[in-house]
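Asks: Show me the folded form of this:
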Amino acid sequence: MRILIIGGGILGTAHADAAVRRGHDVLHLEREPEARGATVRNFGLVWVSGRTRGELDATLRSRALWEDLGGRVPDIGFRANGSLTLLRTDAEVAVAEEAVARDDAERRGFALLDADEARRINPALRGKFVAALHCSTDATVESRVALPAIRQHLATSGRYRFLSSTEARDVIRTPHGTVRVRDDRGTVHESDLVLVCPGATLSGLARDLAGDLPLRRVRLQMMQTAPLDEPLTTSIADGDSLRYYPGFAGEARDHLTATESQAPTAALHKMQMLCVQRLHGGLTIGDTHAYDEPFDFDVDEEPYDHLISVTEELLGRRLPQVVRRWAGVYSQCLDPAALVHRAKVDEDVWVVAGPGGRGMTLGPYLGEETAEILEL
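Replies: Purely as a prediction, here's the structure:
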């Protein structure tokens, strides 16, 4: 089957991988020279720990697919480094205790550690915390290099072609049962199936095909430091992440939010601290959440000051110089029970969008699930 995929982010690329592995021919269009959206502006975290019970099977399957992909494409930098959520108050420890006591804790790889045990796993943690929630199933990939590496691997199959700087303008069904896509250079591409993966670009072609999608957009701020002079052997998170991730919902979290306020800057910007070390040694640190559009075009400095302060307190040392700051936008389903919005908008034309902040985590699973739904 000839499959044309519009959108070069993680969803488009994961769908291309799933299709090529099933023996199909894929033409992949991306309007920019490279994907520039949320896929390359995130942590590269394959994050099992905070997912809800209903998401767990999908998340663990996606993590297995990432590990398989890492074996096929070593340049994506897959590593099963796990994570430590560092806890500084009794109320945060109680949330972790509740998570460890649940019947799915073993599948997640949860263990509650005291501070010394956490430091044995990650010796770079010489700062202030009283305990840590260890999640051994969490993993990491290199978000800025993963997609080009996957595409290069797919091209070796002889059944994959990537057209960058090529914007799809029209999608038209033909009388003989195929689909024609006209790009911004006037070239017409004929295929048997079109998958539109627009990321956070919900106007243009996506709106022409599907109208107003049941999605909202979320803006975040992040930063990158120069290389740290020692390894950070796990990803790390602060206790504010317990407030953000839905997998930690329960009585203990309700007590935490009712009795302990976030720092004013963290509360204002709906913040958590996540930190992962890149293969080049630098630290990616974030993030904030903004939901009300129109989003500002600039970034606020106070959240960065807060993130630096929290990270330095947990590491017990000064951070290397911050060398990059950026903002990004991703799309998220309005239906909290849906992993992604997947809709058939015409015969052999589908739109897939809106995994929220789970795009990197769930991308391979969502590509596989689409292939199964469409019986590819």
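Asks: and Thr89, what does it touch?
Replies: Listed by C-beta atoms under 8 Å, 6 or more residues apart in numbering, the contact set of Thr89 reads 130, 239, 260. Heads up, the C-betas are built off the backbone N, CA and C, glycines and all.
Asks: same thing with Glu167?
Replies: Glu167 neighbours (C-beta under 8 Å, 6+ apart): 29, 31, 183-184.
Asks: what does Ala80 give?
Replies: 67, 136-137, 139 are the contacts of Ala80 under C-beta under 8 Å, 6+ apart.
Asks: Repeat that for Thr233.
Replies: 81, 121-124.
Asks: Nearest to Ala99 among these?
Replies: Ile121 (17.6 Å; C-beta to C-beta).
Asks: Wait, that closest one touches Thr234, no?
Replies: Yes: at 6.3 Å, Ile121 counts as touching Thr234 under the criterion of C-beta atoms under 8 Å.
Asks: Tell me which of the two has more neighbours.
Replies: More neighbours surround Thr234 than the other of Ile121 and Thr234, with 25 against 16 (other C-beta atoms under 10 Å).
Asks: how near is that one to Leu283?
Replies: Distance of Thr234 to Leu283, given as C-beta to C-beta, to the nearest Å: 12 Å.
Asks: One more: Ala168?
Replies: Distance from Ala168 to Leu283, by C-beta to C-beta: 37 Å.
Asks: Repeat that for Pro355.
Replies: 25 Å.
Asks: So which of those two has more stuff around it?
Replies: Shown here are Pro355 and Leu283; by other C-beta under 10 Å, Pro355 has more neighbours (26 against 21).
Asks: shouldn't that one be in contact with Pro364?
Replies: No: using C-beta under 8 Å, Pro355 is not in contact with Pro364; the gap is 11.5 Å.
Asks: still on that earlier bit, got a markdown table for the contacts of Thr89, with secondary structure too?
Replies: Converted to a markdown table, the contacts of Thr89 look like this (DSSP: H, G, I helix; E, B strand; the rest coil):
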| residue | secondary structure |
| --- | --- |
| Val130 | coil |
| Gly239 | coil |
| Glu260 | coil |
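Asks: related to what we said a few turns ago, a markdown table please, covering the contacts of Glu167 and showing pLDDT and distance to Tyr244.
Replies: As requested, the contacts of Glu167 are exported to a markdown table (pLDDT from 0 to 100; distance: C-beta to C-beta, whole Å):
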| residue | pLDDT | distance to Tyr244 |
| --- | --- | --- |
| Leu29 | 98 | 34 |
| Arg31 | 95 | 31 |
| Asp183 | 97 | 39 |
| Asp184 | 96 | 39 |
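Asks: who touches the closest residue to Pro355 other than its chain neighbours in this structure?
Replies: The shortest distance from Pro355 to any non-neighbouring residue, by C-beta to C-beta, 6 or more residues apart in numbering, is to Val340 (4.7 Å). Applying C-beta under 8 Å, 6+ apart to Val340 gives the contacts 11, 333, 352-355, 362, 366.
Asks: Which of the residues you listed fall within strands?
Replies: 333, 352-353 (DSSP state E).
Asks: out of the residues you listed, who's nearest Asp305?
Replies: Distances from Asp305 to the ones in strands among the contacts of Val340, taken by C-beta to C-beta, are shortest for Cys333, at 32.4 Å.
Asks: Do a quick rundown of the strands in the stretch 1-150 of the chain.
Replies: 2-6, 25-29, 45-46, 83-87, 110-114, 131-135, 139-140 (DSSP state E, counting those that start in this stretch).
Asks: Contacts for the third one, please.
Replies: I take that to be strand 45-46. 62-63, 66, 83, 138-141, 235, 274, 276, 360-361.
Asks: same thing but 7 Å
Replies: Here strand 45-46 makes contact (C-beta atoms under 7 Å, 6 or more residues apart in numbering) with 63, 66, 138-141, 235, 274, 276, 360-361.
Asks: Among the contacts of Thr233, the buried ones, what's the PyMOL command?
Replies: With 16 or more other C-beta atoms under 10 Å as the burial test, the buried ones among the contacts of Thr233 are selected in PyMOL as follows:
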select buried, resi 81+121+122+124
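Asks: so who does Gly316 touch?
Replies: Gly316 touches 126-127, counting by C-beta under 7 Å, 6+ apart.
Asks: Could I get the contacting residues of Thr234?
Replies: Applying C-beta under 7 Å, 6+ apart, the residues near Thr234 are 81-84, 121-122.
Asks: out of those residues, which one sits closest to Asp192?
Replies: Once C-beta to C-beta is applied, the member of the contacts of Thr234 that ends up nearest Asp192 is Asn81, at 40.4 Å.
Asks: Hmm, that closest one is touching Thr140, no?
Replies: Yes: Asn81 is within contact range of Thr140, at 5.5 Å (criterion: C-beta atoms under 7 Å).
Asks: If anything else comes up later, I'll come back, but that's it for now.
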